[in-house]
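Undergrad: No sequence on hand, only this structure:
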């Protein structure tokens, strides 16, 4: 009975944490906006481990010259991408996700049994019902509740805020994974889209802390613009012999990813600077306090424009886009991991992160890195 009461209290607390209110009890302030929005200030959570993984197969721009009418120079000039990692036929994104999560867990120094929450943000899971429980089982996180969250390229940050709310309300440790295998849903005959996407996974371990290190966040969505970037259900008719004339059902499948590139570019360069500033306000910080800007790795031109509008130099922008392409929910933790392990990001650095993509959805999280310097 005590366990049931505590569980209900935890879930009520977590739900309330996302509910706009007039006070700061759960770190959320009411905002007036024509768009759906949730935002809040510091939470008693800190990131202590990060990891990533990618398929071994690398396809370069030069390789793609044999697939569609394009060139290395054309792709790099317009996107900043030189190559991407792709899953081959017998590889599974859930295995790549597990590897990334294990690397993050190893860096954190925690035992798998210490983990209470596992969240997987993935729009292209191995299992239609989600990969989080499989990842948790693969890691040996036997004490964790695992579930999936879908928000496309914003997914890792939305998942991080979700995990932080649970930790801020009683749980101790969480792993958040961002992963995607969009090569499976790419039209490889379309020269404008097949050059963009790669596959991969990244993960971060968060722990409850006395000193907040998740300093502020802001999240938005706008379903009216859903059609600008989507991968729609596209079933085929399937008749079953029920009494009478039978019943025509649909045998499941999905179409290829479609994107209005010009509109997505305008959306990202307009909204991302705004949402970063919103999160900084929640954190009681300014752009001058930020050590690094880490954006969803979609297009170098987007990153350059956002940095310019925030008045931040490009040498403070973390990017590995050239090596991986757009890996959707994986892109932020994958780039974060490389920046930490290379020594670019150091303990105590403040990172302004922002994800944006299908939904349309976009958000920003301001965090201070608290991992140990041994990496």
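TA: Structure received. Computed from a predicted structure; not experimentally measured.
Undergrad: Can you pull out the low-pLDDT segments for the protein?
TA: With pLDDT under 70 as the threshold, the chain has low-confidence stretches at 1-35, 374-375.
Undergrad: Look at residue 311 and give its secondary structure.
TA: Look at residue 311: counting by DSSP: H, G, I helix; E, B strand; the rest coil, its state is coil.
Undergrad: Apart from its neighbours in sequence, what residue is nearest residue 102?
TA: Taking CB to CB, 6 or more residues apart in numbering, and ignoring the residues beside it in sequence, residue 102 has residue 139 as its nearest neighbour in space, at 6.1 Å. C-beta: built from backbone N, CA, C; applies to glycine.
Undergrad: So the one you found is in contact with residue 105, correct?
TA: Yes. Under the contact definition of CB atoms under 8 Å, residue 139 touches residue 105, with a separation of 6.5 Å.
Undergrad: shared neighbours, the two?
TA: Residues touching both residue 139 and residue 105 comprise 112, 115, 175, with contact defined as CB atoms under 8 Å, 6 or more residues apart in numbering.
Undergrad: Against residue 257, how distant is the last one?
TA: Which is residue 175. 27 Å (CB to CB, to the nearest Å).
Undergrad: Of the two, which one has the most company?
TA: Taking residue 175 and residue 257 together and counting by other CB atoms under 10 Å, residue 175 has the greater number of neighbours (33 against 24).
Undergrad: who touches that one in this structure?
TA: Contacts for residue 175 were tallied using CB under 8 Å, 6+ apart; they are 101, 104-105, 115, 117-119, 139, 141, 144, 203-206.
Undergrad: Now residue 88. Nearest residue, chain neighbours left out?
TA: In space, residue 88 is closest to residue 57, 5.3 Å off (CB to CB, 6+ apart).
Undergrad: same question but for residue 340, I mixed them up
TA: When the adjacent residues along the chain are set aside, residue 340 lies closest to residue 50, with 5.5 Å between them (CB to CB, 6+ apart).
Undergrad: ok, the spatially most central residue of the chain to residue 67 distance?
TA: By CA atoms, centre = their mean, the mean C-alpha position of the chain lies nearest to residue 156, the distance being 2.5 Å. Residue 156 sits 29 Å away from residue 67, going by CB to CB.
Undergrad: Neighbouring strands - and their directions - for whichever strand or helix holds residue 239?
TA: Assigning secondary structure by DSSP states H and E places residue 239 in strand 236-240. Sheet pairing of strand 236-240 (DSSP bridges) gives strand 247-251 (antiparallel).
Undergrad: Which element is encountered next along the chain beyond the partner strand?
TA: Using DSSP H and E, the helix or strand that directly follows strand 247-251 along the chain is strand 258-259.
Undergrad: Determine the set of other helices and strands touching that next one.
TA: Counting contacts by 3 or more CB pairs under 8 Å, 6 or more residues apart in numbering; DSSP states H and E, strand 258-259 packs against strand 229-230.
Undergrad: show me where the stretch 1-150 of the chain has strands.
TA: In order along the chain, the stretch 1-150 of the chain carries the following strands (DSSP state E, counting those that start in this stretch): 36-40, 45-53, 58-60, 83-85, 117-121, 145-149.
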